[in-house]
Each structure stands twice: as C-alpha cells, then as structure tokens.
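[1] Kindly generate the corresponding structure for this input.
(chains A, B and C)
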Amino acid sequence: MKLKSILAGAALAMTAATGTLAETTKVGFVYVGPVGDGGWTYEHDKGREAVVAAFGDKVETMYVESVPEGPDAERVMTDMALKGADLIFTTSFGYMDQTINVAAKFPNVKFEHATGYKQSDNVSVYSARFYEGRAVQGHIAGHMTKSNIVGYIGSFPIPEVIRGINAAYIHAKEVNPDVQFKIIWAYTWFDPTKEADAAKVLIEQGADVVLQHTDSTAPQAAAQAAGNVITFGQASDMAAYGPKPRVSSIIDNWGPYYIARTQAVMDGTWASTSTWDGIGAGMVGIGEITSAVPAGVKASAEALRDSLADGSYHTFTGPLNKQDGSVWLKAGETAADYGDEGLASMGFYLEGLDSEVPN
Amino acid sequence: MLRLEKRPDPSKTWGYLAPVLAVIATMIGGGVMFALLGKDPFEAIRTIFYDPLFSEFAWYYRPQLLIKGAPLILIAIGLSMGFRAGIWNIGAEGQYIIGAICGAGAALAVYPLESALVFPVMILCGAIGGFAWSMIPAILKIKFGTNEILVSLMLVYVAEQLLASMSLGLMKNPEGFGFPGSRNLQQYASAHNAELWTGTGIHLGVVFALIAVIFSYIMLARHQMGFHIRLTGESPKAAKFAGVNPNKVVIYCLGFSGALAGLAGMFEVAGPSGQISIDFNVGYGFTAIIVAFLGRLDPFGILLAGLLMALTYIGGEIAQSSLGLPSAAIQAFQGMLLFFLLALDMLTNFKIKRTNTEVRI
Amino acid sequence: MDLSAISPTLLVASLMVAATPILLAAIGELVVEKSGVLNLGVEGMMITGAISGFAAAVLTGSPMIGFLCAALGGAALSVIFAIITQYFLSNQVATGLALTLFGLGLSAMLGQSYVGIKPPASVKLDLPLVSDIPVIGPILFSHDFTVYAALTLVTGVWWFLKYTRGGLILRAVGESHDAAHALGYKVVRVRILAIMFGGACAGLGGAALSLVRVPQWTEGMTAGAGWIALAIVVFASWKPARVLLGAYLFGGVAVLQLNLQAAGVSIPVEYLSMSPYLITIVVLVVMSANRSKSALNAPAALGRVFHASR
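    Numbering: from 1, shown residues only, chains lettered A, B, ... in the order given. The predicted model follows:
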C-alpha cells in the first residue's frame, strides 16, 4: 500500500511537472482496432484528426491501435499518462475496468471512456444514441421494401444492438404493417467475409433491404452484386456505394465531442460527465439520403430526423409492447435511459419481431 | 561454394553470438523499414529496445515485462518438454483458454464467498482444466495414433467457441447491463491474483513461471523422466530398447504442458486481465511456441526469450504512442526478429564450410 | 421459424462461393505437406495475397492482373519461409507462425492507402439460357471464375500427384527425404517449389476474398481463413478430392448457420461453429485408427528437418 502511494505520488508529480511546463495539451487515444478498419476505429481516429485540425500546435495527440482489451490496454493507458497526457480517450467498451484502474492512479489526468457505464471523478463516459439513426433507417426501409422482408446483420446481442433492431423495426412497421425482420448475428464487429456471407444469405431469403450493425462495407458490396437491394452505411458514410445500394447512413461523428472535451481541459473546466448524445448534438450523423429514395419518403425521413434532433419526438414512444405482449410503454410514455427496463440495458425485442434474442 | 556440416556438439560461442547477431540484423532490417515509413530509424530502435528498460519511466515498464513475459514463459516451459521428446502440442492457446474458464468458473461459482480457500481451488481448477484439454490429443495419440499437432490445433478453435459461449451466456456478469463478459475478478478479493508486492509486477503467475523454469531444469538434468524425454526425442528406437514407455512420455509431456498453459490462463484471468471475455486470449499460446524455440528448448533460454518477446511488445507500444508508428510495422518488425533468430540459430549446430566439390544441398 | 425460406439450390451455390478461398489455400498447403513440409503461415500468405491482388487490380483496373499479382505476392512471402526452413534448417512450426505474424503486419502496411476503395469487378460466368436452368444453372453455371479456377486447380493437383513423375517425386520426398536423396532427387529444390506453389495458392485464396467474395481491403480481413485451410488439409487426409469435400463442409456449415439464423431458428451458434473442427478430429481418429490405409496418405516426413550430410 505504501509503495503504491509513493509510485502514484511520483507519477502524479511527473504529470504535474509536464503539465505546467508544456504549453501544449496532450491527448491520447486508445483504439481497439486498426485505424484502417474503415469503421469504428477509423471514425474515432477522424475525431482525433478533428482535434488536431481545431487546435493545431496547441495540442499533441498520440494513439495506439489494435490494443487488446485487458492488461495491454491498462499498460497503454498508463504509458500515455506517464508521458504527460492530459486527456485520454479509451474507445472500446472492453476498456471499462482498465480505464477506472488507471484513472485511480492518475487523478490529474482526465479520462473519457466510450460506451461504458462506470464513472469516477476523472472518468467521464460518452456514447451516441445510434438508435435514433436506426429509426430513420427503419422508416426508409419500411417504405422501400417490396418483398416486405428486411434483413438485419447484428454483431453481438448486447443492449446497443438490440435497441437498434427495435428502433428500426417499430419505425418500419409504422409505415408498413406487413414488414418482417430477418436477423443474423455475426458474433463479430468486424469480419468482412462473414458479413458478406450474412448479407448474401439475407438477400437469398428474400430481403431487399439490408441493415447492418457491423462495420465493414462487405454487405454493401453484396447488395450491389445482387442488384435490387438497398443498404445503409454504418459507422462511416460509405458514400462509395451510393446512390444505390447505399441510400443513407449512420455516421459516428466524434469530432465535435472530442474538440469540446479538449477545450474543457484547456480551460480547466473539465468535469466528469455522462454524455449520451444523438442526432441533435451532432454525435450521430445521418448521411445524405440519395436519389434512389422517392422524394416523398426522403422528405418524411428527414422530418423524422429533424423531430428526433430537436427533441420533439422520442424514438421509443408508447404504446409499445414487448415481444411477449406485455406492456413496456403506455400510450404517450417515452422510454427511460436507465432503470430495469431502460434503454441502457435493453435486452428484449418489441412486439412483432418473431425471432428470439439469443441467450 | 558453401556447404553445411553438422557440428558434433552445439557450439557454445555461436550459442551466445547467434542471438546477438540476429538482434543486430533485425535492427538494420527494421531500421530500413522504419526509415521507409518516414520515421527516424535510430529513435525507433532505441524506443523499442532501450526505453522499456532504461528510460525515465522504466520503473513502470520493467514490472510490465514480467507481467507480459510470465504467461509466455510458463507456457513455453511446458511446451519445450514435449518438443524435446518430439511431441508437438501446438494447442496451448486452447489449454490456456480452458484453464482460464475453469479457474474463473470456480471463483464465479462461489461468488461472493470470501475465503482463503478460493484461490487455491482456482489454481487447481485452472491446472486441471488445461491438463484435461491436453489429454484429448494425448489419449487419441495413444489409443489411435492420431497426430497430436492437428488435434491440439483443432481444439484451439473449439476452445475459442466455448469461450465465446461462456462470455455471452453462462458466465455473463449479471450486473453487466447485458454486455458480454464475466464479473471482474480483480474486484473479488478472494479470487484476485494481485501483485505480491505492489508495483513490482510480480504476481503468483510470475512466481510459478520461475518455479517452472527451475523445475524443468532439474527435471531434464537429473530426473529419470527428463532422461526418458530427451532419449525419446533423440532416438525413439533407443528409447524403446532402454525400456522407456512411449505412452507415459506422451501423457507426461502433453499433460505437463497443458497444465502449465491452464495455469497461465488462470493467473491471467484472475489477475492482469480480470475477466472472461470473448477476446480474452491474445495469442500467448502461439507466441509461446516461438518463445520455446527461440530459447532452444532450454529452460533458461526460454526465460530470456520470453522476456525478449515481452520487450518487443512493450517497446512496440511505446513506439506507437510516442513516434506514431503503426501497429502493423511493429508486427512486421517482430516477424523479422523471429526470422533472423530462427535462421541464425543454425550456426550453433552447423559449420559453414567452403567447398569446391559438388554441392549436395 | 420459416425453413421454407432456405433454398437448397442457393445454399449449395453460395457454399461453393464461400468455400473457394479456403479451397484454394488448402489445395496449395496440401502440396506443401505432401512434400513433407508443414507451413503454418497460410494465414500470412493469404492476407499478403489479398492485398497484393487488391492493389494490383485497383492500380491496373484488371482483376486478372490482380490475381496474378496475388499469386506472386503469396509465393514471394513463402520464399522467406522456404529459405529459412530449407537452407537455415529452422523449425517449421515456429517459422510458420512467425510468417503469419510478419504477413499480417506487412499486408497492413502495404494496404494503408487502399482502405475504403472499391476494386474492379471480377469476371462472372453468365451463359445465356444455360445459367438460367433451374437448380443446375445457379449451382454450375453462374459463378465467378475463381470458383471454376479452384476446381480446375484441385483436379490438376489430383492428376499431378497421381499420374505424373513429378508427383511421384514429390510424394517420395515427403515420405522419406533420406531415401529420396539417396535416389538422387533434389529434396530441397522440390520442397522449395512446393512451398512456393503453396504460397501462390494461398495468395490466390486471399485475392478470392479481397476481390470477389467480400470485395474490399481491410486489415486482418482473412480473419482466420488460413487456419481453416490447414484444418481442411488434415480433414482431407491429404487427398485432393477430399480437400474439396472438406472446404465445402466448412463453407457449408458457415453458410448454413447464417441461413438457419435468418430463417429464425434459434441455434447455439458457438456449438455449430465448432462442429467442423470436431468433425475433423473424428475424421483424424478414424483415419489413424485404420493404420494400414492412413499410412499411404500422411506424409511420413511431415515437419522434419532435412540435412544432407553427404
């Protein structure tokens, strides 16, 4: 215990020293994938580049990519803190406990953990309400499908993905009561081959709209090869596949948040917060809706997007029942973020989806 | 023309010189690569090899070498025993995973019971798990003569699927908001494989790795089983005449390596890693195979090789964050180092001779 | 649950496509192992082929040049393995693992500027009328050319091993390098050629992923396909025709699993995914239990270092 406090003290002194000497603000980024993944990590790195662009010489950024979740992540974070980082973004859910551990040893360094739920005095958490974008996708999908079969490629059956499926489904059903969702779990965030196969299978089984919650462009290519199928970009815009199959997209837009948090550290106003922003704050971007979508549908989709953005409409507004028919939200009620049946831990499908959440 | 001639005994001089030459060759090759990427090669090499040991923050990095190296050494020691006897367990990754699942499973089954017995039981379960997983190729080899290289490799994939199933199902943290992954054992005092002395990086897994090095040295040098293992590797026929039971050697070698890999997995999941998750395994089982050969299957050689591998991992990460080198360049650099080490190792066993006669190689 | 949504015809057709990359890599590795060399670097050679082919196809606009470069890229990487194992007599298992590590890193560096680019479309067989015949059309006559190329290659390897003198020498070298050497065959030369052939095939398999099946380039995109190819060779007990069977089995399980999910069948995905590996183990056991037969297949000198003392 004693040695620990000495070490922590030494580390503290060192960061304090570099903090006062250096005029630049050092910002570290820990990535779970390679920056060339074209999806999750790629977009976080674009956020880092936005910070560099915004502050120029006043910031110095560093990053380490493909860091496994576990002791390696803890070491990379510590290394950054020792090198005088003032702010460290840890961009994967699996870094949660490591972030908390390292943050405890470096009370003067600020940490920002993406998609987690554990906060402390110097650890903020942030995530994006991607499900708002899913609502827009569902709306377009419901209008566009002729076979009434929408394919959905999920990564892992976790709340984030289940929320997205529910949001897309209820908004598709709203405009097309006959719509049916076929869901494939890829059990990976990123495996182009598997994603391509999954998209092909969905198309073979009649889907003419494919939604994906995995990060590669493989499903886009599969849809293009199949012909009359539409898709949506995921994580990044994937505009190369527009105007068709890709008719719109959900873009992870971390830049504004990263800039704001860096600014807060520079100003000395940084405080531990829990941020969960959506379309309104610009954290979730809706990529351009292309000409492949009829004007009327495009207009109504944009109206939906705008009502989500200004808060006049909530993605999950009752009456909504769970898959088993029990009431989840009464008429007019909107979903809470937290709590037993809150969005943060959503583990159930809504009424009308006919497959089961894998267990 | 050049010709290779086998030395009657491995050369001591080259034994020391070859790795040094290999590291120098890698520095040159890697330096060229880093220069091509637009980085200062001298700074990059210094960051990878020197900084973790002697830089300003070396007090933090040095213990990390032990944390990173311990599982590699523990697994490699086990593997080397079998490799000496010509028994090829390349499925240590699978045994590592099963050891972790069994060890963590034991803890999670009794959670939140605080008792001094929890940890010893976990150690036992981890070792038994790895042992049991390695007995599959062992028994198949003895009963049916099935090739253990392939069976043990196949079982790695089976173990990976089991791991995914565990982290999404049975072992999922009930308080984890539906995310995959078990409870964090670091927060469960009785199950936590904590550092024995804070800040030193020395946890029980490191101690076990050192014990394994010494044990395996004594075993090979003094014990009859060690003699049988060496004999089986050198000449299976001679071993048979000497009355060595080949089945016993198979069971012993696979079981020993499986148990050590299982232990490594258990110490990792209970300590540095903390939880069972889909991506829990990061390839220690495969890297350890390379470590075993780099160490020439010698216990102390493995100790050094394991630390060298750990050094390149840690130095590589430092180089990424401070020089902006892509992780791919570090991977390629490690690959290069291994090529040179493996290639130049030949000089310990062979002499290069100049000949004018017909070349027969 | 709606099993009628699964069309057996399309299932077979798509498993053939899904199996092609691993089939290409596996048939190459079969030749390598038949020569007595175990190269565990298939994954590294595959991904090097994937990026070499992708880059060449994007730069030239020709998928054919892409495939050619993929084969060259895979073969070039395998030369490193060949030199270190054959001339420097290193351990093949360790060298193969190092090759995978190196290949993954090298490919990621080469591919940095190719992320997010669409490759030129590959050539697809589309015969008027014939491709439209129900059942047979989709299964036999409407694939990308790589599917046919892989099948041709399998046939070629089968014929080579069985009927040619070269095949005989290759097998002899794999059975007993000392005996082959005594008979005057160039053991090292044969093995190097086999290793390069394996590298070229793995490279083609990688390009079949990056140019046809996915098609895109991303770091680490082979995601373990090379290891599956290794499993298939074993599953096939070193017989070319069975490599085809094995590749279709592995590809089939992958595609079937997705089909069942899409049809709404609740299946434990993990257990289905591990089944091909378990089946491979069972095949291995059955094969080795029947010793008289298996002795003809498994190369006796597999993985052994050869040094001609005289």
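
[2] so what are the domain limits for chain A?
    When chain A is parsed with automatic domain parsing, its domains come out as A:2-128, A:130-251+A:285-345.

[3] among the ones you listed, which is nearest B:S216?
    Among the domains of chain A, domain A:2-128 comes nearest to B:S216, with 25.1 Å by CB to CB. For every residue, glycine as well, the C-beta is placed using N, CA and C.

[4] pLDDT of that closest one, averaged?
    In this model, domain A:2-128 has a mean pLDDT of 85.

[5] Check stretch A:276-286 too.
    Model confidence over stretch A:276-286 averages 93 on the pLDDT scale.

[6] quick check, that stretch touching chain B?
    No - where contact is defined by CB under 8 Å from any CB of the partner chain, no part of stretch A:276-286 touches chain B; the two come within 13.2 Å at best.

[7] which residues of chain C fall in helices?
    Secondary structure of chain C by DSSP state H: the helices cover C:8-34, C:42-60, C:63-82, C:92-110, C:136-140, C:145-163, C:165-175, C:177-182, C:187-207, C:225-235, C:240-262, C:269-289, C:291-294.

[8] What pLDDT is listed against the residue in the stretch 251-359 of chain A that chain C sits nearest to?
    With distances taken as CB to the nearest CB, the stretch 251-359 of chain A approaches chain C most closely at A:S355, which sits 4.5 Å away. According to the prediction, A:S355 has pLDDT 85.

[9] C:S266 is in contact with that one, correct?
    Yes - because the distance of 7.3 Å satisfies CB atoms under 8 Å, A:S355 is recorded as touching C:S266.

[10] out of those two, which sits in the more crowded spot?
    For A:S355 and C:S266, the more surrounded residue by other CB atoms under 10 Å in any protein chain shown is A:S355, and the numbers stand at 21 against 13.

[11] which residues touch that one?
    Contact criterion CB atoms under 8 Å, 6 or more residues apart in numbering or on different chains gives A:F181, A:K182, A:I183, A:Y349, C:Q261, C:G264, C:S266 as the residues in contact with A:S355.

[12] What parts of the stretch 51-200 of chain A come near chain C?
    If contacts are counted using CB under 8 Å from any CB, the residues of the stretch 51-200 of chain A sitting beside chain C are A:151, A:182-185, A:187-188, A:190-194, A:196-198, A:200.

[13] give me that answer again for 10 Å
    For the stretch 51-200 of chain A, the contact set with chain C under CB under 10 Å from any CB of the partner chain comprises A:65-66, A:149, A:151-154, A:180-188, A:190-200.

[14] What about those residues, which are in strands?
    Members of those lying in strands (criterion: DSSP state E): A:I149, A:G151, A:Y152, A:I153, A:G154, A:Q180, A:F181, A:K182, A:I183, A:I184, A:W185.

[15] and B:G335, how many neighbours does it have?
    Applying the criterion other CB under 10 Å, we find 25 residues in the vicinity of B:G335.

[16] for it, helix, strand, or coil?
    At B:G335, secondary structure determined by DSSP: H, G, I helix; E, B strand; the rest coil is helix.

[17] nearest to B:Q334, of the domains of chain A?
    B:Q334 lies closest to domain A:2-128 among the domains of chain A, at 13.0 Å (CB to CB).

[18] distance between the closest one and the chain's centre?
    In terms of CA atoms, centre = their mean, to the nearest Å, the centre of domain A:2-128 is found 19 Å from the chain centre.

[19] okay, and for chain C, where does confidence drop off?
    Applying pLDDT under 70 to chain C flags the ranges C:1-2, C:125-127, C:129, C:291-297, C:308-310.

[20] 50 instead, please
    In the prediction, chain C carries residues with pLDDT under 50 at positions C:295, C:310.

[21] List the contacts of residue 342.
    All of this refers to chain A. A:P159, A:A335, A:A336, B:F177 (CB atoms under 10 Å, 6 or more residues apart in numbering or on different chains).

[22] I was thinking of chain B, sorry if that wasn't clear
    Applying CB under 10 Å, 6+ apart, the residues contacting B:L342 are B:22, B:290, B:293-294, C:84-85, C:88-92, C:94-95, C:98.

[23] name the element it belongs to?
    B:L342 belongs to helix B:327-344 when assigned by DSSP states H and E.

[24] that older thread, whichever of the contacts of A:G342 end up buried, select them in ChimeraX.
    Restricted to buried positions by 16 or more other CB atoms under 10 Å in any protein chain shown, the ChimeraX selection for the contacts of A:G342 reads:
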select /A:159,335 /B:177
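
[25] so of the contacts of A:G342, which ones are in strands?
    In strands, judged by DSSP E, none of the contacts of A:G342 are found.

[26] Need the contacts of A:G342 in a markdown table (columns: pLDDT).
    What follows is the contacts of A:G342, written out as a markdown table (pLDDT from 0 to 100):
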| residue | pLDDT |
| --- | --- |
| A:P159 | 88 |
| A:A335 | 92 |
| A:A336 | 90 |
| B:F177 | 77 |
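
[27] Redo the contacts of A:G342 as TSV? Include distance to C:W238.
    Conversion of the contacts of A:G342 to TSV gives the following (distance: CB to CB, whole Å):
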residue	distance to C:W238
A:P159	48
A:A335	58
A:A336	61
B:F177	49
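
[28] Inside helices: which ones of the contacts of A:G342?
    With DSSP H as the criterion, helices contain A:P159 from among those.

[29] Find the pair from the contacts of A:G342 with maximum spatial separation.
    Taking CB to CB as the measure, those span a maximum distance of 15.0 Å, between A:A335 and B:F177.

[30] Contact residues of the stretch 1-150 of chain B facing chain A?
    When proximity is defined by CB under 10 Å from any CB, the stretch 1-150 of chain B lies next to chain A at B:P52, B:S55, B:E56, B:F57, B:W59, B:Y60, B:Y61, B:Q64, B:I67, B:K68, B:P71.

[31] What number of residues are in the vicinity of the closest residue to the fourth one other than its chain neighbours?
    What it means is B:F57. Nearest residue to B:F57, sequence neighbours excluded (CB to CB, 6 or more residues apart in numbering or on different chains): A:L82, at 4.6 Å. By the criterion of other CB under 10 Å, A:L82 has 23 neighbours.

[32] next one: B:V32
    Using other CB under 10 Å, B:V32 has 11 other residues around it.

[33] State the distance from B:G69 to B:A209.
    Look at B:G69 and B:A209: by CB to CB, to the nearest Å, they are 8 Å apart.

[34] Pull up the overlap in contacts between those two.
    Residues touching both B:G69 and B:A209 (CB under 10 Å, 6+ apart) are B:A76, B:L303, B:G306.

[35] Serialize the ones in strands among the residues of the stretch 51-200 of chain A next to chain C to CSV and add fields for neighbour count.
    CSV is the format used below for those (neighbours: other CB atoms under 10 Å in any protein chain shown):
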residue, neighbour count
A:I149, 20
A:G151, 30
A:Y152, 29
A:I153, 29
A:G154, 24
A:Q180, 20
A:F181, 25
A:K182, 23
A:I183, 28
A:I184, 30
A:W185, 23
